[in-house]
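Undergrad: A structural model of the following input is requested.
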Amino acid sequence: MAAKRLDGQQLSQTIRGEIANAVKQLAHSSGIIPGLAAVLVGDNPASEVYVRNKRRACESVGIASWLHRLPASTTQAELLNLIEQLNQTPEVSGILVQLPLPKHIDEAKVILAINPLKDVDAFHPENLGLLTAGHPRYLPCTPFGVQQMLSRSGISTAGANVVILGRSNIVGKPMSLILMQKPSTHFPEAGDATVTVVHRGTRSLEKVCQSADVLIAAIGVAHFVKPEMVRLGATVIDVGINSVGGKIVGDVDPSVAEVAEWLSPVPGGVGPMTITMLLYNTLRAAQLLRSQTE
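TA: From the prediction side, this is the model:
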């Protein structure tokens, strides 16, 4: 058996078409064009690539974008001052501070400084709290991308056993919140699943992973998930981004394709979906900010 491919590149193009249409409608009805301000501190090569891809994606759907490039020597006070300026700029719907930041800058304070209405990464504690309560303003982009990939591919998580391998604030924790909650009018994307979050120190890790109808790998270790960890016919979502020998590979060993029913590739799986959901959140932010001024 060869796993069916969950093609994030193709799906993201479909969703971006929907976003582009919504952007046009918003501009026509209100004159408002959503805008994303990206802040890049230092010269991290991976961050350069991420920001460039995000700006291109904005252009493709009609969202305005600006890049604020700061030297690695930028002080925390200088960065916080820039964020406050962007908070007060009406044309800016969303603010994205590319992580990681230089070690002398406190990332938590930077995240707290962003207006929660413009926090399109959904990292601010206010937005995470709303997600926890089942009334999300925005969904964090990578988990949101995974949820859309599952939902739009017809893979139901309702009542399913979902195992999330990894407990980061960016993927593992918010992914569990999205998939464990009961759907409602406030939260139609909720997965209604039985969710287990594990990590490398989990006892009987292989056995726990084998129980999964859906296994989401976000542990940051190349080829960590082996076929013996996967139940025959399971869906496996690879969120990993690792560089091995100059190539980008995921957390899931390619041989897992012989036992899984569905498998997302790396690259070309969750990555494009993450950027697409950032565009969605930026559009949503523009709509919310508009409603506050009416």
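
Undergrad: now do the SS call for the residue nearest the centre of the chain.
TA: Nearest residue to the geometric centre of the chain (Cα atoms, centre = their mean): residue 142, 1.7 Å. Using DSSP: H, G, I helix; E, B strand; the rest coil, the structure places residue 142 in helix.

Undergrad: low pLDDT regions in the stretch 51-200 of the chain?
TA: Within the stretch 51-200 of the chain, not a single segment meets pLDDT under 70.

Undergrad: what segments of it are helices?
TA: Listed in chain order, the helices of the stretch 51-200 of the chain (DSSP state H, counting those that start in this stretch) span 76-87, 107-113, 125-132, 141-152, 172-180.

Undergrad: first to last residue in stretch 163-174, what's the distance?
TA: 13 Å (Cα to Cα, to the nearest Å).

Undergrad: hmm, I was thinking of stretch 202-220
TA: 16 Å.

Undergrad: got the contact list for it?
TA: The contact list for stretch 202-220 (Cβ atoms under 8 Å, 6 or more residues apart in numbering) reads 142, 146, 150, 155, 157, 160-166, 168, 171-172, 175, 193, 196, 198-200, 224-225, 228-231, 234-242, 250-252. For glycine as for every other residue, the C-beta is placed from the backbone atoms N, C-alpha and C.

Undergrad: list the buried ones in it?
TA: Within stretch 202-220, the residues that count as buried by 16 or more other Cβ atoms under 10 Å are 202, 208-210, 212-220.

Undergrad: among those, which pair sits farthest apart?
TA: Taking Cβ to Cβ, the two most distant members of those are 213 and 220; they sit 23.2 Å apart.

Undergrad: only the buried subset of the contacts of stretch 202-220, as a ChimeraX command please.
TA: This is how ChimeraX selects the buried members of the contacts of stretch 202-220, with burial counted by 16+ other Cβ under 10 Å:
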select :142,146,150,155,157,160,161,162,163,164,165,166,168,171,172,175,193,196,198,224,225,229,230,231,234,235,236,237,238,239,240,241,242,250,251,252
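
Undergrad: strands - which of the contacts of stretch 202-220 land there?
TA: 161-165, 196, 198, 235-238, 242 (DSSP state E).

Undergrad: give the other helices and strands that the helix or strand that contains residue 49 contacts.
TA: Assessed by DSSP states H and E, residue 49 sits inside helix 45-61. For helix 45-61, the elements it packs on are helix 8-30, strand 35-41, strand 64-70, helix 270-293, judged by 3 or more Cβ pairs under 8 Å, 6 or more residues apart in numbering; DSSP states H and E.
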